[in-house]
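Asker: Kindly return the folded structure for what I paste below:
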Amino acid sequence: MSDISQSFDEFIKTHDKPILVDFWASWCGPCQMMAPILANLAKEWKGRITIIKVDTEAKPHLSQQYAIASIPTMILFKNGMEAYRVSGAMPLAQLKVVLSEFV
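Answerer: Numbering: from 1, shown residues only. A predicted model of the protein is given here:
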């Protein structure tokens with residue numbers, strides 16, 4: 001368990017571009033709604049941002065570490081630090097507006 005957390009934390013700290021982490025679960029309807037939106041964002045902003053998904057059921061220690069109270073929660077990390085956090089589903093256009101300040 002600690003190895004996974006350490007490698008996740010190391011990735012967040014050493015990655016060369018902003019990372020959007022989507023904390024989700026397979027049973028979560030709003031999470032399922034966000035999946036294609038995040039896929040589109042990944043295509044449109046390829047090279048500008050890295051998007052990774054963390055299944056809160058499979059990695060509960062990461063959910064606890066980042067105090068995930070509801071899903072979906074998306075956290076944007078920049079230069080190894082949390083720069084922005086949002087919970088709930090939102091349209092692609094709105095997501096791009098809020099993230100464009102950081103990316």
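
Asker: When you work out contacts or count neighbours from here on, use the C-alpha atoms and nothing else.
Answerer: OK.

Asker: C-terminal to the longest helix seen in the chain, what's the next element?
Answerer: Criterion DSSP state H: the longest helix present in the chain is helix 29-44. Later in the chain than helix 29-44, the nearest helix or strand by DSSP states H and E is strand 50-55.

Asker: so how far is the longest helix of the chain off the chain centroid?
Answerer: Remark: helix 29-44 is offset 11 Å from the chain centroid, using C-alpha atoms, centre = their mean, to the nearest Å.

Asker: Check this protein and tell me which residue is nearest its centre.
Answerer: Of all residues in the chain, the one closest to the mean position by C-alpha atoms, centre = their mean is Val21, 1.5 Å from it.

Asker: re the thing from before, now do the longest helix of the chain against strand 50-55: the angle between them, please.
Answerer: Helix 29-44 and strand 50-55 are oriented at 160 degrees to each other (axes from the mean of the first three to the mean of the last three C-alpha atoms, to 10 degrees).

Asker: give the contact list for Ile52.
Answerer: 19-22 (C-alpha atoms under 8 Å, 6 or more residues apart in numbering).

Asker: How about it: which residues does it bridge to?
Answerer: Val21 (DSSP bridges).

Asker: and the gap between it and Cys28?
Answerer: To Cys28, Ile52 is 17 Å away according to C-alpha to C-alpha, to the nearest Å.
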